[in-house]
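K.L.:
Structure for this input, please:
(one chain, ligands or ions: 2)
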Amino acid sequence: MLAAAFAAEATVEGAERPVVIAHRGASGYVVEHTLPAKAMAHAMGADYIEQDVVLSKDGVLVVLHDIYLEAVTDVAARFPERRHEDGRFYALDFTLAELKQLQLNERLNTKTGRQALPGRFPGGAGLFHISTFEEELRFIQGLNKSTGREAGVYVEIKSPDWHRKQGADVSRATVDMLRRYGYAKKTDKCWIQCFEWDEVRRVREELGWEGRLLLLMSKNPKPGMLEDVAKVADGIGPSIKQIATGKTPAERKLTPLVRQARALGLAVHPYTVRRDELPAWAASADELHEVIFRDAKADGVFTDFPDLTRQWIDRHSN
Ligand code: G3P
Ligand code: CA
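P.N.:
Ligands and ions are numbered 1, 2, ... in the order given. Model (predicted):
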């Protein structure tokens, strides 16, 4: 029976059920990394709400997925002279006051100029602005208080090596800000995540982060890597393409990655559930959830649709 799929096997985090991590907020419905998207995720029952963080020119952490601005803002129209030779507009070139002048829009495919996922929130609405990381922490903690339900924060440090080459330390700023807002220990409802293994180690060993820590990955780990990760981090975040393969649902095969990581005590939080961008091996969001939770037994998932993930877990719980 599906109800036993995860209830019978405690998740690594110690929770009885896998965790719902709202990816950039309820980004399937409202423009990513806006406060309305975060509020919607909170109301949908997300256990965690994700922030991606980068630094501004004046050293302020802002919540943006990219170190660039052109895919999600009107920067090209407002500051055309700030375009680099590579065609990019870098957030680190802009002060917070300048970033606050930009309007956030649904993500564009910068080659075609069209919305990357066309069924989502209509573009050009002119309704949304960039938040600082501190504003978002205050917002989520405010919702936690007013609703009486605590959603955690799940912070991705973006391109720390690139930031350091520009003379900026995005990791130190992130750890300092989290501590200021009461996130410091593994019992606090907070994870730090990063794609760069050297930086994950630095966050733990040099910056002294004692909270939960996760290594994101887009490729399968080399032999011995997971054992090294388990000595430093609490979990891994693979792409959903790393937990199953196959060109059709009928050809689907699970990989051993989730089992191997969990055997080492690592939590596994794959990314990303998108009902409008399914992997070839799943025909529906329901089927995708079945593979992630019932078959692979992941401990949680990043999801653009926290309502669908919450509903799936609730439906299959005792
Ligand atoms: O952080 C989990 C997932 O968000 C990683 O991918 O590119 O959406 O930040 P990305
Ligand atoms: Ca992320």
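K.L.:
Could you identify the helix or strand that succeeds the helix or strand harbouring residue 258?
P.N.:
Using DSSP states H and E, residue 258 maps to helix 257-263. For helix 257-263, the succeeding helix or strand toward the C-terminus, using DSSP H and E, is strand 267-268.
K.L.:
Now that following strand: average pLDDT?
P.N.:
Strand 267-268 carries an average pLDDT of 97.
K.L.:
So which residues of the stretch 1-150 of the chain form helices?
P.N.:
Along the stretch 1-150 of the chain, the stretches classed as helices by DSSP state H, counting those that start in this stretch are 4-7, 35-43, 75-78, 96-99, 133-147.
K.L.:
Please tabulate the ones you listed in JSON lines, including the columns distance to residue 188, mean neighbour count and mean pLDDT.
P.N.:
C-beta: built from backbone N, CA, C; applies to glycine. Shown next, in JSON lines, are those (distance: least, C-beta to C-beta, whole Å; neighbours: other C-beta atoms under 10 Å; pLDDT from 0 to 100):
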{"stretch": "helix 4-7", "distance to residue 188": "23", "mean neighbour count": "16", "mean pLDDT": "48"}
{"stretch": "helix 35-43", "distance to residue 188": "17", "mean neighbour count": "22", "mean pLDDT": "98"}
{"stretch": "helix 75-78", "distance to residue 188": "35", "mean neighbour count": "16", "mean pLDDT": "96"}
{"stretch": "helix 96-99", "distance to residue 188": "27", "mean neighbour count": "17", "mean pLDDT": "98"}
{"stretch": "helix 133-147", "distance to residue 188": "12", "mean neighbour count": "16", "mean pLDDT": "98"}
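K.L.:
follow-up on the earlier one: what does the helix holding residue 258 rub up against?
P.N.:
12, 220-221, 226, 230, 235-236, 238, 242-243, 267-268, 270, 296-299 (C-beta atoms under 8 Å, 6 or more residues apart in numbering).
K.L.:
buried stuff in that helix?
P.N.:
257-258, 261-262 (16 or more other C-beta atoms under 10 Å).
K.L.:
mind giving me TSV with the helices of the stretch 1-150 of the chain and columns for distance to residue 171?
P.N.:
Shown next, in TSV, are the helices of the stretch 1-150 of the chain (distance: least, C-beta to C-beta, whole Å):
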stretch	distance to residue 171
helix 4-7	32
helix 35-43	22
helix 75-78	25
helix 96-99	19
helix 133-147	13
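K.L.:
follow-up on the earlier one: next step: the contacts of helix 257-263 restricted to helices.
P.N.:
226, 230 (DSSP state H).
K.L.:
List, out of the contacts of helix 257-263, those positioned next to ligand 2.
P.N.:
When contact is defined as C-beta under 5 Å from the ion, the contacts of helix 257-263 do not meet ligand 2 at all.
K.L.:
could you dump stretch 281-292 to CSV, C-alpha only?
P.N.:
Provided in CSV are the C-alpha atoms of stretch 281-292 (Å, rounded to 0.1, in the frame of the first residue of the first chain):
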residue,chain,number,x,y,z
TRP,A,281,10.1,8.9,-17.8
ALA,A,282,7.0,10.4,-16.1
ALA,A,283,3.7,11.1,-17.8
SER,A,284,2.2,13.2,-15.1
ALA,A,285,3.0,15.1,-11.9
ASP,A,286,1.4,12.2,-9.9
GLU,A,287,3.7,9.7,-11.6
LEU,A,288,6.7,11.9,-10.9
HIS,A,289,5.8,12.1,-7.2
GLU,A,290,5.3,8.3,-7.1
VAL,A,291,8.8,7.7,-8.5
ILE,A,292,10.5,10.3,-6.2
